[in-house]
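**Student:** the following block contains a protein sequence and its predicted model.
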Amino acid sequence: MKLTNWRVVGLAGALVFGYVAPSDAALVKVDEQTWANFGLNMKVSYKHLDKRSNDISYGSSSQNVFNVNQARIYFSGQVLPFFQFYAELDANGADGSTKFNEAGINLAFAKEFQVLVGKIRRPFTRVQLAHDYTYLTSQGYFLDPQEALGAIREALRNTDGGLMVHGDLAGGMFRYRVGVFNEDRSNAIKFWGDAGWEDFEYISKLNDKKNFEWNVRLEFTPTMLGFKPESAATTTAKIGDTYLGGRDVLTLGLGYHAETHTPKFSDTVGDLKRKGWTVDAMFEKKFGALVPNLQVGYINLDKTHYYVDFRKNAVKKGNADIWYFAGQLFYDQYVGFGKPAIAFRYEKMTGDGQWTDGNILKKDLTTETFGLALNYYIKGQAARISLGFDQTKYKDALKYALKKGDPNTKYEDSITDWYLNFHLQF
């Protein structure tokens, strides 16, 4: 097929990511119905990483690291107006690895009914649908420097292979996403023991992807009050963490998740059949030159991990709760050659668990993270600099396990990382 047009357009980015992409992208146009655009997203950073432990192989001193965190080439377009596609190819500067971050084909039959299939976003929480280059604090959400609660955070991974039905109803006042995904059962059984997360290999992997993982998300925007909906009827079905005053947004979201993610620990304990629900809200509105953004969410997860009940000397299934708050105050006027903002993020993650040294017994695996960032938007999200820090504190039984669980290694129970991030989107 012959190429008839090549040009750079400002509209292309908005078509790819539903109003959250960069303003520039390169477009290859075959005819009025067939076109593709592509571009480059990049994150370059300096980080001062705090000490993690006294283990020389695991952060025994603070580190100063310059790195290309990510270089992403993205493509999107359509063969026909209802047959759309997108793909994101990521290169990691730390180890040089390259992988498909996301890729999907979207059948856009109507605004009310579309079908997206591929390696795509899981529609459970708002965070999982937000374009990561729009995060208020550029480090992202649900951080855990020690990876102590990895079994809980696994439930909140962004992407997986699957199929999602999505669309807008009543002019966008209501949006829905219903997805069926791979049931990725773990390669090892993980449980919280007296020394932390323990791994036990299991013999058979025949049950991997035996069944399905389900995710459902419903959203509501009171459009009668002048707020603009965050459309689900786009090629990627993604949303933004902020629109920088480009629209007044009030979104109320409700999500459901279900998956069997680890085979049974023993005949008496049974499989980890994780179920979860979440409720969240996002508000952003422009008042003159000021644009406040405020987000709040709660996530409840059942059966995320195994843990030892030391009083009963038994292995049990653990649940988890997560609260998070985030916000930004954006000044929509140039100060120098960019527009400044200050953003914050707070998260509290609590899972069932115990620790004992024989004399005392501590309960709950708890982390609290606070992040603060100064953002400088030079050209919206397309050119941005962020200076900030994230501090994570480990509490309750988790604190004692990190400090005293391993007689040879002592892990820090408070970690503060500083960063200077540069974001580019073309």
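**Tutor:** Done, it's in.

**Student:** so what's residue 353 up against?
**Tutor:** Residue 353 makes contact with 192, 305, 307, 318, 363-365, 397-398 under the criterion CB atoms under 8 Å, 6 or more residues apart in numbering. Every residue, glycine included, has its C-beta placed from N, CA and C.

**Student:** which SS class is it?
**Tutor:** Of the three states, residue 353 takes strand according to DSSP: H, G, I helix; E, B strand; the rest coil.

**Student:** so where's the protein shaky on pLDDT?
**Tutor:** Along the chain, the parts satisfying pLDDT under 70 run over 1-24, 93-96, 186-207, 266.

**Student:** can you identify each of the helices in it by residue range?
**Tutor:** Counting by DSSP state H, the chain has these helices, from start to end: 11-17, 126-129, 150-153, 396-404.

**Student:** for the one residue sitting closest to the centre of the chain, what are its contacts?
**Tutor:** Nearest residue to the geometric centre of the chain (CA atoms, centre = their mean): residue 128, 4.3 Å. Residue 128 is in contact with 121-122, 156-158, counting by CB under 8 Å, 6+ apart.

**Student:** try 7 Å
**Tutor:** Contact analysis of residue 128 by CB atoms under 7 Å, 6 or more residues apart in numbering lists 121-122, 156, 158.

**Student:** farthest-separated two in those?
**Tutor:** 121 and 156 (11.8 Å; CB to CB).

**Student:** which one's more surrounded, those two?
**Tutor:** residue 121 (25 against 20; other CB atoms under 10 Å).

**Student:** any idea how far that one lies from residue 325?
**Tutor:** Residue 121 is 22 Å from residue 325, where distance means CB to CB, to the nearest Å.

**Student:** ok, back up a step: what about the helices of the chain, which gets the closest to residue 270?
**Tutor:** Here helix 150-153 is closest among the helices of the chain (CB to CB), at 16.2 Å.

**Student:** list the buried residues in the closest one.
**Tutor:** Along helix 150-153, these residues count as buried under the neighbour rule (16 or more other CB atoms under 10 Å): 151-153.

**Student:** stretch 299-309 too?
**Tutor:** Buried-residue list, stretch 299-309, by 16+ other CB under 10 Å: 299, 301-308.

**Student:** can you tell me which of those is nearest residue 63?
**Tutor:** Distance ranking of the buried residues of stretch 299-309 against residue 63, using CB to CB, places residue 305 first at 29.4 Å.

**Student:** wait, that closest one sits on residue 151?
**Tutor:** Yes: the pair residue 305 / residue 151 is scored as a contact, 4.0 Å apart, by CB atoms under 7 Å.

**Student:** partners of residue 389 in the sheet?
**Tutor:** residue 372, residue 418 (DSSP bridges).

**Student:** OK, contacts around it?
**Tutor:** With CB under 7 Å, 6+ apart, residue 389 has these contacts: 371-372, 416-418.

**Student:** give me the neighbour count for residue 99.
**Tutor:** 10.

**Student:** mind checking how far it is from residue 119?
**Tutor:** 10 Å.

**Student:** next, count neighbours for residue 57.
**Tutor:** 7.

**Student:** for residue 27, same thing?
**Tutor:** Neighbours of residue 27 (other CB under 10 Å): 19.

**Student:** repeat that for the one 3 residues further on.
**Tutor:** Here the number of neighbours of residue 30 (other CB under 10 Å) works out to 15.

**Student:** mind listing residues that contact stretch 368-383?
**Tutor:** Contact with stretch 368-383 is made by 22-24, 133-134, 137-139, 143, 244, 337-348, 384-393, 395, 424-426, as judged by CB under 7 Å, 6+ apart.

**Student:** just the buried ones from the residues you listed?
**Tutor:** Counted by 16+ other CB under 10 Å, the contacts of stretch 368-383 give 22-24, 133-134, 137-139, 143, 244, 338-341, 343-345, 347-348, 384, 386, 388-393, 395, 424-426 as buried.

**Student:** strands - which of these land there?
**Tutor:** Judged by DSSP state E, strands contain the following of those: 339-341, 343-345, 347-348, 384, 386, 388-393, 395, 424-425.

**Student:** neighbours of the closest residue to residue 92 other than its chain neighbours, just the number please.
**Tutor:** With CB to CB, 6 or more residues apart in numbering as the criterion, residue 92 has its nearest non-adjacent residue at 6.6 Å, and that residue is residue 70. Using other CB under 10 Å, residue 70 is surrounded by 19 other residues.

**Student:** isn't residue 70 right up against residue 90?
**Tutor:** Yes: with contact defined as CB under 7 Å, residue 70 reaches residue 90; the gap is 5.8 Å.

**Student:** the stretch 151-300 of the chain: strands as residue ranges?
**Tutor:** 159-169, 174-182, 188-193, 196-201, 212-220, 249-262, 272-284, 290-309 (DSSP state E, counting those that start in this stretch).

**Student:** now do the second one: which elements does it pack against?
**Tutor:** Packed against strand 174-182 by the contact rule (3 or more CB pairs under 7 Å, 6 or more residues apart in numbering; DSSP states H and E) you find strand 159-169, strand 212-220.

**Student:** with just CA atoms, put it into CSV.
**Tutor:** Backbone C-alpha positions of strand 174-182 (Å, rounded to 0.1, in the frame of the first residue of the first chain) are rendered in CSV as follows:
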residue,chain,number,x,y,z
PHE,A,174,-21.2,6.3,33.2
ARG,A,175,-18.2,4.3,32.0
TYR,A,176,-17.5,0.6,32.3
ARG,A,177,-14.6,-1.8,31.8
VAL,A,178,-15.0,-5.6,32.2
GLY,A,179,-12.0,-7.7,31.6
VAL,A,180,-11.0,-11.4,31.6
PHE,A,181,-7.3,-12.0,32.0
ASN,A,182,-4.7,-14.8,32.4
